[in-house]
Structures are given as structure tokens and as C-alpha cells.
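J.: Sequence and predicted structure, then a few things I'm wondering about:
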Amino acid sequence: MSELSEEMVAELLSLEKRNLIKNPHGAEQFEGWEITENGGSQWRVEELPGDCGKEFPDETVQSYFATSFELCLKKQVLDLRAEGYSEDLLDTVQPKITVQDWYAGRSDCGCIYQLSVSLLNESQETVQDFKPDPVSLEPENSDCSWSQVTHTFEGYGPGVRFVSFEHGGQDSKYWDGWFGVRVTNSSVEVQP
């Protein structure tokens with residue numbers, strides 16, 4: 001592998017820094033997403049702020065994904081080489097990979113949010129992962145505003161080729177419809 005100068009790496013990564021998640025807030029329904037669990041009344045895209053919801057902090061985000069009364073999960077597996085990051089860069093520099101997600105509950109029903117992000121090797125085996133404990137949101141303990149979760153992977157070693165990003169949840173009262181957690185504006189970025 002060739003060594004890259006710090007200047008070259010910084011320049012390359014600044015050109016490539018972008019959200020790798022396709023369709024992060026449902027503008028194209030479920031395009032780009034693999035539905036891995038579709039329980040209850042299934043996933044649905046709704047316009048912000050939605051019934052019993054709050055405005056999103058970024059007014060350019062107009063929609064979100066809503067979950068139902070049984071588990072709803074969706075994911076994207078991002079191929080870093082197909083996105084323009086060379087194996088040399090990924091193995092030698094091991095640039096930071098930052099993931100972000102936004103979630104919110106409703107003011108009339110409790111819900112559960114979960115997130116799982118994994119760095120994968122060529123065989124799509126886990127090299128490193130981030131799986132925070134599920135978050136339980138209850139209207140009496142929360143104002144139902146949007147919350148952000150962020151994690152940065154660094155020093156993960158050579159061999160990372162893919163990022164698996166999966167999130168979702170459900171409501172906690174098993175009400176028919178879309179009373180579960182809401183998710184939007186997900187992102188995965190390779191940092192300089």
C-alpha cells in the first residue's frame with residue numbers, strides 16, 4: 001500500500017465528505033432502504049410535524065418514517081469502495097466514520113427506538129459496531145421533541161469495506177396504526 005500525505009488525504013476526504021445514506025427522510029418513500037422488519041401496520045412516510053408531533057430543527061427536512069405497533073426496522077448497507085473510497089485509503093488512513101440519526105415519539109403514545117450500525121469487512125462480517133441500548137420514550141417523561149444520536153468510529157483497523165446502518169422501533173401500547181417511534185435525517189459520513 002502506498003502512503004498518502006496528510007494534505008492529500010485531507011483534500012480527498014473533504015471532496016468526498018457527504019451523506020452516504022440514500023433517501024434519509026423519506027422524500028422518495030422507501031427507495032434505497034431494505035425493510036428488515038415490517039410489523040403491525042408496517043412502515044409509513046409522513047409529513048412533518050405529523051399528528052401529536054413536533055417540528056424538526058432543520059426546516060429543509062419535510063418528512064419522516066413512522067413505525068407501528070410491532071417491530072419495524074429498515075437498513076442500508078453502504079459499499080465504501082462503490083462510494084469512491086479506495087482500499088488503500090480505508091486501510092492506511094482509516095478515516096473517521098460518523099453516523100447520526102434523529103428520532104422522536106408522539107405526545108399520545110409511548111414508543112421504543114433502536115439503532116445498530118456496523119463496520120463490515122469484505123465478507124460483510126462485523127469489524128466494529130455501535131448498538132446503543134434501545135430508548136424508551138414515554139409522553140409523560142418527554143416533550144416528544146426530536147433527539148439526535150451520534151457516534152464516530154475511529155481506529156477500527158484495516159479491512160473495512162461496508163457500513164450497515166439499521167434503525168427503527170415500535171409503539172409501546174400496541175395501538176393499531178403508526179404510533180411508534182419516528183426517524184429521519186439519518187447520515188453516514190466519512191470524515192477528513
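T.: Received, thanks.
J.: give the contact list for Tyr174.
T.: Gly40, Phe69, Glu70 (CB atoms under 8 Å, 6 or more residues apart in numbering). For glycine as for every other residue, the C-beta is placed from the backbone atoms N, C-alpha and C.
J.: From those residues, which land in strands?
T.: Of those, none are assigned to strands by DSSP state E.
J.: Using neighbour counts, trim those residues to the buried set.
T.: Gly40, Phe69 (16 or more other CB atoms under 10 Å).
J.: If you tally nearby residues, what's the number for Gly169?
T.: Applying other CB atoms under 10 Å, we find 26 residues neighbouring Gly169.
J.: Packing partners of whichever strand or helix holds it?
T.: Assessed by DSSP states H and E, Gly169 sits inside strand 162-171. For strand 162-171, the elements it packs on are strand 72-79, strand 97-104, strand 111-120, strand 182-190, judged by 3 or more CB pairs under 8 Å, 6 or more residues apart in numbering; DSSP states H and E.
J.: on that earlier part again, how about the contacts of Tyr174 in CSV, adding pLDDT?
T.: Formatted as CSV, the contacts of Tyr174 follow (pLDDT from 0 to 100):
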residue, pLDDT
Gly40, 89
Phe69, 92
Glu70, 94
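J.: Make CSV out of the contacts of Tyr174 and add distance to Phe130.
T.: Output for the contacts of Tyr174, formatted as CSV (distance: CB to CB, whole Å):
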residue, distance to Phe130
Gly40, 26
Phe69, 27
Glu70, 25
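J.: Toward the C-terminus from the helix or strand of the chain with the lowest mean pLDDT, list the very next helix or strand.
T.: Least confident element among the helices and strands of the chain, by mean pLDDT, DSSP states H and E: helix 6-16 (a mean of 56). Next helix or strand after helix 6-16 toward the C-terminus (DSSP H and E): strand 34-38.
J.: Tell me which residues are up against that following strand.
T.: Trp43, Glu70, Leu71, Cys72, Leu73, Lys74, Lys75, Gln76, Val77, Glu166, Gly168.
J.: Show me the shaky parts of the chain.
T.: Per-residue confidence for the chain (pLDDT under 70) gives these ranges: 1-16, 192.
J.: Give me the neighbour count for Val181.
T.: Considering only other CB under 10 Å, Val181 is surrounded by 28 other residues.
J.: now swap in the one 3 residues further on and tell me
T.: For Thr184, the tally of surrounding residues (other CB under 10 Å) stands at 23.
J.: quick revisit: for Asn19, find the nearest of the helices and strands packed on strand 162-171.
T.: Checking the helices and strands packed on strand 162-171 against Asn19 by CB to CB gives strand 182-190 as the closest, at 4.3 Å.
J.: Show me what that closest one pairs with in its sheet, parallel or antiparallel.
T.: Strand 182-190 has the following strand partners under DSSP bridges: strand 63-66 (antiparallel), strand 97-104 (antiparallel).
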